[in-house]
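Q: can't give you the sequence, but here's the structure:
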Ligand code: KG4
Ligand code: ZN
C-alpha cells in the first residue's frame, strides 16, 4: 500500500567529481543542486584526493541550498538517500558519512543507493510530459566512468549484459579530445566540432570484443598513432582537419555503441531502449537512436540532460522507490568503491 502522506527524500551524490544534493517529494524533484569541481580541469582528469577534499568543502552548502530551493525544513524529511558506490572511495566516504550522521541526527531512515541503478532509474523521475519506459527494457549507461548494457526487468531486478573491459566511452571521447589538444573534459567539444565535419573522412578500426562487452583502449591508441603520423607529415594537420577528425572519431564510437545495442536487442527481443550518463548528451548517439526508432521500430528514452550527468535527483528517485518498499540501510553501512548492480 502506498502511504498517501507525501514522502520527502533528501538525496546526496558524491561518487566522483560532482557534489550534489536533491530534495524529492515522492517521485517529483523539488530541487537538484550540483557543484561541479573545476579544480580537475588543469590536470586533464579527476584527481581523487582533490575530489574528496572538494566534496568536504561543498557538501554543507550544497545540501543547504537544496533544502532552501525546495523550501523544505530538514525536520520535514522522511529519509536520507546517498550513493554508496560504485565510485572513488574518498569521494564516496564524504557523502556516506554525511548522510549517516544526518539520518542519525534527525532519527529518520537511511537509504543506500547504487549509482548505476540510479542512472537507470532516473527515467522514473516524474517530469511533465516525460515518457516512462515499460519493463522489461534495455538500459545503456554511458559516461566518463561507465559503459554498460543492462537488462532491466523491474526497479530492483537488473542484470548487466555487457560492460567495458577498459576505458569508459566518456573517457574515449575525453582522451581522443586531449590528443587533439582540446581542454578537459573534451567530449562536448569533440561533439561540437564533429557536427561540422565529415564522419567518413578518416577510418578508425573498431574493436572485436566478444558478447556485449566493450573496449575503447585500442581506439585511443589507433587515434594516437594516426595523429602522430599525420602531424609528422604536416604539423598543421589537426588545425586543418579538426572537424573531420572529430566527426570520424564520433562516428566510430557511435557505431561501436549501436552495434552492441543491436546485438542486445537481437538476443533479448527487447526493443525498448533507455540511455543515461553524460555521453547521452552526444548528438551522434541521439541521432542514431532516433533513426533506430524509424528503421528498427525501437522505442527510445533519453532523460533530461540534468538527470543524465551525475546528479542527486537520480539518487532521490531510488530513495523514494526503496522507501516505499521499506528498504532501509543500517548505520553500519559502508561505502563500496566496487558495487555491481
Ligand atoms: O555522467 P557524467 O557527467 O559523469 C561521469 O563520468 O559519471 O559524464 C561525463 C562524461 C565526460 O566524459 C564527458 O566528456 C562526456 O560525459 N560528455 C560527452 C558529451 N557531453 C558530456 N561526450 C560526448 N559528447 C557529448 N556531447
Ligand atoms: Zn555516473
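A: Received it, and whenever you're ready, just let me know what you need. All values derive from a computational prediction rather than experimental measurement. Residues are numbered from 1 along each chain as shown. Ligands and ions are numbered 1, 2, ... in the order given.
Q: what about the strands in the stretch 1-150 of the chain?
A: Using DSSP state E, counting those that start in this stretch, the strands of the stretch 1-150 of the chain run over 8-13, 18-25, 28-36, 79-85, 110-114, 137-142, 147-154.
Q: What residues are bridge-paired with residue 147?
A: residue 142 (DSSP bridges).
Q: mind checking the SS state of residue 221?
A: helix (DSSP: H, G, I helix; E, B strand; the rest coil).
Q: so can I have TSV of the strands of the stretch 1-150 of the chain showing mean neighbour count, distance to ligand 1 and mean pLDDT?
A: From N, CA and C alone the C-beta is placed, and that goes for glycine too. Compiled in TSV, the strands of the stretch 1-150 of the chain are given as follows (neighbours: other C-beta atoms under 10 Å; distance: least, C-beta to the nearest ligand atom, whole Å; pLDDT from 0 to 100):
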stretch	mean neighbour count	distance to ligand 1	mean pLDDT
strand 8-13	29	10	98
strand 18-25	28	7	96
strand 28-36	20	9	95
strand 79-85	27	11	98
strand 110-114	25	14	98
strand 137-142	27	8	97
strand 147-154	21	10	98
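Q: how about the longest helix anywhere in the chain: buried residues?
A: When the chain is parsed with DSSP state H, its longest helix is helix 237-268. By neighbour count with 16 or more other C-beta atoms under 10 Å, helix 237-268 contains the buried residues 237-238, 241-254, 256-258, 260-261, 264-265.
Q: Identify the residues contacting stretch 232-239?
A: 180, 181, 227, 230, 231, 240, 245 (C-beta atoms under 8 Å, 6 or more residues apart in numbering).
Q: What is the end-to-end distance of it?
A: One end of stretch 232-239 sits 14 Å from the other (C-alpha to C-alpha, to the nearest Å).
Q: ditto for stretch 14-30
A: 19 Å.
Q: swap in stretch 309-318?
A: End-to-end distance (C-alpha to C-alpha), stretch 309-318: 16 Å.
Q: Just confirm yes or no for it near ligand 1.
A: Yes. Using C-beta under 6 Å from any ligand atom, stretch 309-318 reaches ligand 1 at 309, 310.
Q: the bottom helix or strand of this protein by mean pLDDT?
A: Ranking every helix and strand in the chain by mean pLDDT, DSSP states H and E puts helix 305-308 at the bottom, with a mean of 92.
Q: which of the residues in that helix are buried?
A: Residues of helix 305-308 classed as buried by neighbour count (16+ other C-beta under 10 Å): 307, 308.
Q: Tell me who's in contact with residue 82.
A: Residue 82 neighbours (C-beta under 8 Å, 6+ apart): 11-14, 95-96, 98-100, 110-113, 315.
Q: Repeat the analysis, applying 7 Å as the threshold.
A: For residue 82, the contact set (C-beta atoms under 7 Å, 6 or more residues apart in numbering) comprises 12, 95, 96, 99, 112, 113, 315.
Q: circling back to that earlier point, out of the contacts of stretch 232-239, flag the one nearest to ligand 2.
A: Nearest to ligand 2 among the contacts of stretch 232-239, counting by C-beta to the ion, is residue 180 at 24.5 Å.
Q: ok, that closest one - contacts?
A: Here residue 180 is in contact with 238, 242, 245 (C-beta under 7 Å, 6+ apart).
Q: Pick the one among those closest to residue 326.
A: In terms of C-beta to C-beta, no member of these lies closer to residue 326 than residue 245, at 53.2 Å.
Q: coming back round to it: and the buried residues of helix 237-268 near ligand 1, which?
A: Among these, not one lies near ligand 1 by C-beta under 6 Å from any ligand atom.
Q: next helix or strand past the longest helix of the chain?
A: Sequence order places strand 272-276 as the next helix or strand after helix 237-268, per DSSP states H and E.
Q: what about the strands of the stretch 1-150 of the chain, which gets the closest to residue 333?
A: Here strand 110-114 is closest among the strands of the stretch 1-150 of the chain (C-beta to C-beta), at 5.3 Å.
Q: just the angle between that closest one and strand 79-85, please?
A: 30 degrees (axes from the mean of the first three to the mean of the last three C-alpha atoms, to 10 degrees).
Q: how about strand 110-114, does it get close to ligand 2?
A: No. Using C-beta under 5 Å from the ion, we find that strand 110-114 stays clear of ligand 2, coming within 11.0 Å at best.
Q: For that strand, which helices and strands make contact with it?
A: In terms of contacts (3 or more C-beta pairs under 7 Å, 6 or more residues apart in numbering; DSSP states H and E), strand 110-114 is packed against strand 79-85, helix 89-106, helix 313-325.
Q: The nearest residue to residue 166 once chain neighbours are set aside: neighbouring residues, count only.
A: Nearest-residue entry for residue 166: residue 217, 4.1 Å, with adjacent residues in sequence omitted and distances by C-beta to C-beta, 6 or more residues apart in numbering. Counted with other C-beta atoms under 10 Å, residues neighbouring residue 217 total 15.
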